[in-house]
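In: pasting the structure only:
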């Protein structure tokens, strides 16, 4: 590539970073400062200087980032990249293990267990240890095993020793089955490097130029892998000579928001210690946001003490003020966001996917989803499940759907044994076969079965010596008095609430929400949750809180004066619209509703940050758990943990990330009141709002909705566009 082909595309610090190929380099890349461009141009520069593709190792945080980076290098150089290694840490670990794992006693054809496989092996390990899995939080146990395996916790030092023998059985199971879990893809390559110096030297000679993207998001385990490749021995003493390794790390400590999953922003400090001759380059020019937005972000993040000093600036001077809106409650907040999106689409000719709506937790999705539905605004959810896709919500909705339509087999199968009522797989298989024989629904099969029991014709079910369907179309075996009673009880619940929920002329004061709450109580869903999560009642409470939120949302919907028919069928139709799947193009042209964590790396012309209230941003639970982690880690000094966790500073970094997602316009909402269970609590604005320079903020005053003439002009323009392109 000719030198002057890309220099005009880079600013001074970017060009310096691209041209600094030899030795250790620390690039501090602020939000929107073009770090991906720098990395790809830097790789292109290496190739231009004759460095072989096979000598370059670029490690990224996600598979998507790796693919994009490789594609951009291809476009820049016009070369086939047959031996360039651009991958995630985990994919790189697989590459090493496929070549070397036999040294650790595994076969090369090892399997990699996904989450489902892993959880099944944990259950098997519990059985081998003669421990009942009933009520055990399998997912939580898997997370504990990850912490132990990667050295973040140790048995008796943060990890409950009660589970140590199960962990050993789990590890033994992996070895017996010649399988690895996701953590092994990092831990085992390190074990190879440490136990077999000749293996480490082989890869050190191969990869002489190392680059790491999103360095602030790397864990201590990932840092350890990079350090071994760059310096060799774990015990290598940092010196000007050893520190001359050709390793470049790119990151921004102000965007380190993943300590809860092992990321350690202090890896930057460790890099400076381990590579004393490093060169530091700061990318501070932001190409994304207006000066107003950047000054707000700088004002907030400058209150963090453990950070690299930097000040983002933009050539896009000025900018619209940040609007702060203080709605009465979360419903008004959601309505404001939906209405403002409609207004801006008309006035500023924006598309739906120009909007990003960011929330601290996915528990806040529900009100916004409902407002979008009411306003016919298409949206997609990122960073968590849609509220209506959570298991506990789908369970209750399935009851309502079966009450509304008993022939709905899909939803009936979901709830026939939820909560558990003794209708097992064999009984379901019998009913399914009976339904198939009679070309009917499962409900019809259950009705036939109940009829024979009520009329003393049980013999019809056992007339045949072998299992199967007899001449009357009745299943011959596999039933018992207990099962009969459970089927009758289940059908009784559905039929009773069919009468309660489908009244043609409901009496005055009749409330759909009250009937749904009665249904939840009748099936004793709370007891079911307590049994399912007996080892972690917090999860049970959280899930039951979601159900209460669902009931509250039904109550708000039926109280809406613009709702002419607040009954079951219209409600279920409404929910179906929320949860619809539009196929492969489902995410195109939709508003982006996401958690702040999921928004990292993205940008939108207009951003709404919802729920900027104390206890939400910063999040009370995160502050509490962060302090517990810091105290635990500091007390035990496990060596693989970040002992300087400051949960308030991480929450501030999260708010900083949210602000810097906005390109042109930023709205922040902070409710005066918010509902929790059946109570309404007064709210206090987030303390981070006081850190935004006051001259940048403007309290929102509702603007008039676009006039009819403006709307007509807008739609005329759209019509002309289509006519012109046809």
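Out: In hand now; what should we look at? As the structure is a computational prediction, the values presented were derived from the model and not from experiment.

In: Which positions within stretch 686-698 qualify as buried?
Out: For stretch 686-698, the neighbour count (16 or more other C-beta atoms under 10 Å) marks 686, 687, 688, 689, 691, 692, 696, 697 as buried. C-beta: built from backbone N, CA, C; applies to glycine.

In: what's in contact with the longest helix along the chain?
Out: Secondary structure of the chain per DSSP state H: the longest helix is helix 537-559. Surrounding helix 537-559, the residues in contact under the criterion C-beta atoms under 8 Å, 6 or more residues apart in numbering are 137, 331, 363, 366-367, 370, 387, 390-393, 396, 511-513, 516-517, 520, 525-526, 529-530, 532-533, 563, 566, 571, 574, 675, 677-678.

In: following it, which helix or strand shows up next?
Out: helix 568-578 (DSSP states H and E).

In: so what does the helix or strand following that following helix touch, helix or strand wise?
Out: Scanning forward in sequence from helix 568-578 by DSSP H and E, the next helix or strand is strand 591-595. Helices and strands touching strand 591-595, by 3 or more C-beta pairs under 8 Å, 6 or more residues apart in numbering; DSSP states H and E, are strand 355-359, helix 365-374, strand 379-382.

In: Just name the most buried of the ones you listed.
Out: Highest mean neighbour count of the helices and strands packed on strand 591-595: strand 355-359, a mean of 26 (counted as mean count of other C-beta atoms under 10 Å).

In: now for it, which elements pack on it?
Out: Applying 3+ C-beta pairs under 8 Å, 6+ apart, one finds that strand 355-359 contacts helix 330-347, helix 365-374, strand 591-595, helix 596-599, strand 604-609.

In: swap the cut-off to 10 Å and go again
Out: In terms of contacts (3 or more C-beta pairs under 10 Å, 6 or more residues apart in numbering; DSSP states H and E), strand 355-359 is packed against helix 330-347, helix 365-374, strand 379-382, strand 591-595, helix 596-599, strand 604-609, helix 647-659, strand 662-669.

In: Identify the residues contacting the fifth one?
Out: Just to be clear, that refers to helix 596-599. 257-258, 260-261, 356-362, 381-384, 592, 607, 609, 617, 651, 654-661 (C-beta atoms under 10 Å, 6 or more residues apart in numbering).

In: Can you tell me which of those residues are buried?
Out: By 16+ other C-beta under 10 Å, these give 257-258, 356-362, 381, 383-384, 592, 607, 609, 617, 651, 654-661 as buried.

In: before we move on, the earlier item: looking at the buried residues of stretch 686-698, which are in strands?
Out: Judged by DSSP state E, strands contain the following of the buried residues of stretch 686-698: residue 697.

In: Dump the buried residues of stretch 686-698 into a markdown table; add pLDDT and distance to residue 286 as well.
Out: Listed next are these as a markdown table, based on pLDDT from 0 to 100; distance: C-beta to C-beta, whole Å:
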| residue | pLDDT | distance to residue 286 |
| --- | --- | --- |
| 686 | 96 | 23 |
| 687 | 96 | 25 |
| 688 | 97 | 20 |
| 689 | 96 | 22 |
| 691 | 97 | 19 |
| 692 | 96 | 17 |
| 696 | 96 | 15 |
| 697 | 94 | 20 |
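
In: Out of the buried residues of stretch 686-698, the closest to residue 196 would be?
Out: Minimum distance to residue 196 across the buried residues of stretch 686-698 is 49.3 Å, recorded for residue 688 (C-beta to C-beta).

In: how close does the closest one get to residue 207?
Out: For residue 688, the distance to residue 207 equals 42 Å [C-beta to C-beta, to the nearest Å].

In: what does residue 420 give?
Out: Note on residue 420: its distance to residue 207, by C-beta to C-beta, is 54 Å.

In: for residue 46, same thing?
Out: Here the criterion is C-beta to C-beta. By it, residue 46 lies 12 Å from residue 207.

In: ok so, going back, and residue 420 and residue 207? Which one has more around it.
Out: Looking at residue 420 and residue 207 with other C-beta atoms under 10 Å, you find the greater number of neighbours at residue 207, namely 19 against 11.

In: what distance separates the longest helix of the chain from the middle of the whole chain?
Out: Helix 537-559 sits 21 Å away from the centroid of its parent chain (C-alpha atoms, centre = their mean, to the nearest Å).

In: okay, the angle between it and helix 365-374?
Out: Computed with axes from the mean of the first three to the mean of the last three C-alpha atoms, to 10 degrees, the direction of helix 537-559 lies at 30 degrees from that of helix 365-374.

In: got the angle for helix 537-559 vs helix 330-347?
Out: Using the same axes, to 10 degrees: helix 537-559 against helix 330-347 is 60 degrees.

In: SS state for residue 519?
Out: Secondary structure, DSSP: H, G, I helix; E, B strand; the rest coil: residue 519 is helix.

In: give the contact list for the closest residue to it other than its chain neighbours.
Out: Spatial nearest neighbour of residue 519, excluding adjacent residues (C-beta to C-beta, 6 or more residues apart in numbering): residue 497 at 5.4 Å. Counting by C-beta under 10 Å, 6+ apart, residue 497 makes contact with 399, 400, 402, 403, 515, 516, 518, 519, 522, 523, 568.

In: The first one and residue 516 touch, don't they?
Out: Yes - under the contact definition of C-beta atoms under 10 Å, residue 399 touches residue 516, with a separation of 8.7 Å.

In: can you list residues touching both of the two?
Out: 497, 501.

In: what about the nearest residue to residue 321 once chain neighbours are set aside, distance to residue 314?
Out: The shortest distance from residue 321 to any non-neighbouring residue, by C-beta to C-beta, 6+ apart, is to residue 698 (4.0 Å). Using C-beta to C-beta, residue 698 is found at 19 Å from residue 314.
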